[in-house]
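S.K.: Okay, here's the prediction I keep looking at, along with the sequence it came from:
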Amino acid sequence: MKVEHSRRSPSAPGPWPTFLRELGARRGHLPLLLGAVGAAALVLVGPQVPARSAVIASAQPRAIRTGAIRGRVDLRHVVSPAERRPNVADLGAADERDRPDRLRSVVYLEAAPRGAFDQTEAANAVMDQRNETFVPHLLAVTTGTTVAFPNSDRIYHNVFSLSKARTFDLGRYAVGRSKSVRFDRPGIVRVFCDIHSHMSGFILVFNHPFFTITDTDGRYRIDQVPPGTYNVIAWNEGLASEPKPIVVPDGGIVELEFALR
Ligand SMILES: [Cu+2]
């Protein structure tokens, strides 16, 4: 998977932040701006000057509406459950336990629209350890997200990753305890348990919010996409599609299907 590593320059924000900043500045200097700046300031203070604002608003460019991308990821390959060592404690259905999760894919924009990710709010997610399985098997998060790894089993686990985007080793800890890892770099993080070789999970870290995880039938929808031209990628269990170019029109919905072999 290619995830954009480039950070936006603070001096080159996208259309949204610039617009909002300008509105804020004008609001603060309203009396001086009523004549000089005119239209934008009057639209902003509409409730105080209702008679004029409606007329002026029609002279303003229409607000840009976001669109959506939706469709389905068709998995042509056989999604096999993780191989497990024989274990007398297993009750038969063990091999199937994280199979549904492996049918889920991630669909994401290869690069985000400029100015799309200004806020760096701390986010949190959880990858549980339950029945010798990571639950969920697949997480997709934005950079800055802290993921907790609670142990819900009565046995010890030892969660670790050697991935470039984030290397860590949480050591062994018992049921009821949890340790957390913060993910600050975009990329793919493969998660394992040092004690149970059949345990594995994926955490995909993005530096923008334009991604989603499909349902187990492969269906997805990415909302709030500003109009523009993008490359979209589908990813499943380490396999990424070719980037598909699409144009999201103002306020429109684009259908986009993927087939992963
Ligand atoms: Cu384990």
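M.R.: That came in fine, so what should we check first?

S.K.: And the helix or strand harbouring V159, what does it pack against?
M.R.: Taking DSSP states H and E as the criterion, V159 maps to strand 157-163. Using 3 or more CB pairs under 8 Å, 6 or more residues apart in numbering; DSSP states H and E, the elements in contact with strand 157-163 are strand 166-173, strand 187-193. Backbone N, C-alpha and C define where each C-beta goes, glycine included.

S.K.: Show the model's pLDDT score for D101.
M.R.: With respect to pLDDT, D101 scores 88.

S.K.: Report the contact partners of it.
M.R.: Applying CB atoms under 8 Å, 6 or more residues apart in numbering to D101 gives the contacts 135-138, 216.

S.K.: now with 10 Å?
M.R.: With contact taken as CB atoms under 10 Å, 6 or more residues apart in numbering, D101 is in contact with 79, 81, 133-138, 201-202, 213, 216, 237.

S.K.: of all those, which two lie farthest apart?
M.R.: P81 and I213 (18.5 Å; CB to CB).

S.K.: returning to what we had before: give me the contacts around the strand holding V159.
M.R.: With CB under 10 Å, 6+ apart as the criterion, strand 157-163 contacts 127, 129-130, 132, 134, 147, 149-151, 167-175, 177, 179, 181, 183, 185, 187-196, 199, 201-203, 205.

S.K.: Could you rerun that using 6 Å?
M.R.: 129, 149, 151, 168-170, 172, 189-195 (CB atoms under 6 Å, 6 or more residues apart in numbering).

S.K.: swap in stretch 133-144?
M.R.: Taking CB under 6 Å, 6+ apart as the rule, stretch 133-144 contacts 97-98, 101, 104, 106, 120, 125, 127-128, 184, 186, 201-207, 209, 211, 213.

S.K.: One more pass at 7 Å, please.
M.R.: 97-98, 101-102, 104, 106, 120, 122-123, 125, 127-128, 147, 183-186, 191, 199-207, 209, 211, 213 (CB atoms under 7 Å, 6 or more residues apart in numbering).
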